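Enquirer: Quick check, what structure comes out for this input:
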Amino acid sequence: MITIKSKSEIEKMRAAGKLTGDTLKLLEKHVKPGVSTGELDRIAFDYITSNGAVPSFLNYNGFPKSICSSKNSEVVHGIPSRKDVLCEGDIISIDVGAYLNGYHGDAARTFPVGKVSDEAQRLISVTKQSFFEGIRYAVHGGKLGDISAAIQEYVEMNGYSVVRDLVGHGIGKCLHEPPNVPNYGHRGKGVKLAAGMTLAVEPMVNQGSYQVYILDNDWTVATRDGSLSAHYENTILITHAGCEILTL
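Expert: A predicted model of the protein is given here:
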């Protein structure tokens with residue numbers, strides 16, 4: 001069931017969202033050649049817990065870490081490790097959540113590691129902008145398919161593809177709640193949006209084909225053709241005036 005959050009619940013969602021967004025800002029400062037994804041995970045864990053919260057992903061369905069760190073052709077759910085060291089020219093998608101006072105925030109960014117190719121930087125930029133193209137339609141009375149279609153249209157117009165096997169989601173007391181929020185679809189279709197809904201909108205964009213597969217660790221999703229992938233996500237609140245981004 002899709003939940004409509006009360007004013008008090010929205011305030012808690014704002015607090016969890018702010019902590020999530022602040023965690024990503026902190027991590028961005030540490031993304032550089034020579035840093036391990038395990039170190040980034042430690043930084044996130046320490047920051048989230050020092051602010052009275054719990055990392056949303058830690059032990060979620062058995063996931064062993066506080067962040068997902070996905071490099072280059074990895075789409076999502078990369079597992080941080082001290083042995084996994086960032087190199088000049090890599091791109092890394094970091095997905096993080098914070099559970100504070102009974103509510104979750106969830107957000108992701110793709111960061112360049114040092115100097116990256118023009119092609120990689122363009123993929124990061126298009127992925128980020130596709131999120132903003134989508135949430136133009138995140139309005140009370142609109143349809144979920146309008147968000148999905150706008151993301152897909154912008155991505156494909158720029159020569160990329162949106163992952164089909166993974167989608168965004170509702171969020172609140174649970175990290176994943178109804179409805180699913182695909183990054184592809186048709187305008188005028190899907191759930192009717194209403195003020196008080198909170199959604200995690202998260203375009204996952206591949207440089208090549210949208211086809212993906214799961215690595216042997218049973219978590220990490222990667223592009224089947226080995227092309228680069230980028231990820232951009234925020235938790236948003238539907239309002240009567242449009243939407244509010246809770247994780248920026």
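
Enquirer: Give me the residues contacting the lengthiest helix in the chain.
Expert: Longest helix in the chain, counting residues (DSSP state H): helix 7-30. For helix 7-30, the surrounding residues in contact (C-beta atoms under 8 Å, 6 or more residues apart in numbering) are 5, 39-40, 43-44, 47-48, 51, 53, 67, 94, 96-109, 111, 172, 196, 198, 234-235, 237, 246-248. For glycine as for every other residue, the C-beta is placed from the backbone atoms N, C-alpha and C.

Enquirer: Which is the succeeding secondary structure element to it?
Expert: Read in the C-terminal direction, the helix or strand following helix 7-30 is helix 37-50, with elements assigned using DSSP states H and E.

Enquirer: Sheet-wise, list the partners of the very next helix or strand once past that following helix with their directions.
Expert: Later in the chain than helix 37-50, the nearest helix or strand by DSSP H and E is strand 54-55. Strand pairing for strand 54-55, determined by DSSP bridges: strand 91-100 (antiparallel).

Enquirer: distance between the partner strand and the chain's centre?
Expert: Remark: strand 91-100 is offset 7 Å from the chain centroid, using C-alpha atoms, centre = their mean, to the nearest Å.

Enquirer: angle of that strand against helix 7-30?
Expert: 150 degrees (axes from the mean of the first three to the mean of the last three C-alpha atoms, to 10 degrees).

Enquirer: For stretch 15-25, which residues meet the burial criterion?
Expert: Neighbour-count burial for stretch 15-25, counted by 16 or more other C-beta atoms under 10 Å, picks out 15-24.

Enquirer: Would you mind giving the residues you listed as a markdown table with distance to K71 and pLDDT added?
Expert: Output for the buried residues of stretch 15-25, formatted as a markdown table (distance: C-beta to C-beta, whole Å; pLDDT from 0 to 100):
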| residue | distance to K71 | pLDDT |
| --- | --- | --- |
| A15 | 31 | 98 |
| A16 | 27 | 98 |
| G17 | 26 | 98 |
| K18 | 27 | 98 |
| L19 | 25 | 99 |
| T20 | 21 | 99 |
| G21 | 22 | 98 |
| D22 | 23 | 98 |
| T23 | 19 | 98 |
| L24 | 16 | 98 |
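
Enquirer: All good on my end, thank you.
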